[in-house]
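Asks: just need the structure, nothing else, for what follows:
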Amino acid sequence: MSEQENIPEEEQVQFDINKNVEVFLQSLKKRNIKYSSDIASETIKLLEKIVTNSDWKAAKDLMQIIRNIGKVLIKPHYVHTIVGNMVKRVLKIIRDEYTIALYGKSEYYDIEDSLQKMLITQQEEMDFNKEISSLKKSISANLRELQEECQRSPEVIAMQSEEHIHSDEIIMTFGYSRTVEKFLKAASKRNCEVVVVQGGPRSGGLELAKSLVESGISTTLIQTAAIFPVMSRVNKVIVGAHCIMANGGMKAICGVHQLALAAEYHSVPFYVLAPLFKVTPQFVSSSDEEGFNHMLSPEDLISFEDDELLRGVEIINPAYDYVPPENISLIIFNTGANSPSYVCRPLKELYHTDDHDL
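Replies: Purely as a prediction, here's the structure:
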């Protein structure tokens, strides 16, 4: 009999979970999972395995397991904000499915957004301790639906392109975004012209420009320094987002804030494409600067061979910019287009306030 066969079943399950978590984190670190929709989908797939295979009796136990795994998942600096979002989404699904199983489609559940429900919730906190046999099955079904929604989000957003792009318009974008790429290609019938800002070495502007040209879209590639003079000719700016913050602002690749300021100066509408899984309950504050951003290698900006120039110089190369909500005209979600002030609504639907901080 092998040594593995002697391991108790509970320990074997925990070993498998830890192994799956490690494989997932390594995939993120090595950038084997490249696109945001795939990151969201793979995170949900991992969490579904944990829901299915973990030893838990009540929803409270499962929520604690998910929280503990979530803390491990979001700790490395290279982990995308989406991973934490999906952990919090799963916690909300567990809460919702527990409530439905306990109360059915009763008034208790249907009036969730009403003042009456808020008062009831304050007076009568659920402890999630009751064992419900059907809970695992219903949670797993919801997670599969969520996974499918995440995978389809870029295509669903692209389907809205002709509502927002009109004939013969000049569109400016920044770097590479798969969602923006699909959005612009879906509007190719509008005979629009696209100006792509190349951005930094890791921004991928050249990659997007090549892809658009191959699809027959008139495309011009410019450097970041040319944003302001070219902006006067532009009808619309359309960019992707790393995540949408709780106040309606966004976290985007470094250089996008400069683009937003130029658009505001020239009164050019600034549109952001973002699937709902990119909406995060996090806020930006001066006390959380390190958590919000991380620094890339200075070698992207200047070669280490230029040692004479580097003496006594601190080179800062941040990965992200913060774009405040007042610089954003419209956010186009997979559920439709809304102003930044609307973000509070999906936040309430997607996450529970008790889960904002794992």
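
Asks: which of the three states applies to Val234?
Replies: coil (DSSP: H, G, I helix; E, B strand; the rest coil).

Asks: what's the local residue count around it?
Replies: 19 (other C-beta atoms under 10 Å). Quick note: C-beta positions are derived from backbone N, CA and C, even for glycine.

Asks: so what's it closest to, chain neighbours aside?
Replies: Once flanking residues are discounted, Val234 sits nearest to Met172: 4.6 Å by C-beta to C-beta, 6 or more residues apart in numbering.

Asks: quick one: contacts of the host helix or strand of the one you found?
Replies: Per DSSP states H and E: Met172 is located in strand 170-174. Here strand 170-174 makes contact (C-beta atoms under 8 Å, 6 or more residues apart in numbering) with 165, 180, 184, 192-197, 199, 203, 205, 208, 227, 230-231, 233-239, 252-253, 255-256, 259, 263, 268.

Asks: ranges for the strands of the chain?
Replies: Ranges of strands in the chain, per DSSP state E, are 170-174, 193-197, 218-222, 236-240, 243-244, 250-253, 270-273, 320-323, 330-333, 336-338.

Asks: can I get those strands in TSV including distance to Pro154 and mean neighbour count?
Replies: Shown next, in TSV, are the strands of the chain (distance: least, C-beta to C-beta, whole Å; neighbours: other C-beta atoms under 10 Å):
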stretch	distance to Pro154	mean neighbour count
strand 170-174	15	25
strand 193-197	17	24
strand 218-222	20	16
strand 236-240	10	25
strand 243-244	15	26
strand 250-253	17	26
strand 270-273	9	26
strand 320-323	21	20
strand 330-333	11	22
strand 336-338	15	15
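
Asks: quick one: average pLDDT of the strand holding Met172?
Replies: Taken as a whole, strand 170-174 carries a mean pLDDT of 98.

Asks: mind listing the strands that strand pairs with, and their directions?
Replies: strand 193-197 (parallel), strand 236-240 (parallel) (DSSP bridges).

Asks: where does the stretch 201-350 of the chain have low pLDDT?
Replies: 285-291, 306-307, 309 (pLDDT under 70).

Asks: show me the helices in it, by range?
Replies: For the stretch 201-350 of the chain, applying DSSP state H, counting those that start in this stretch gives helices covering 205-214, 227-231, 256-265, 289-292, 307-310, 344-350.
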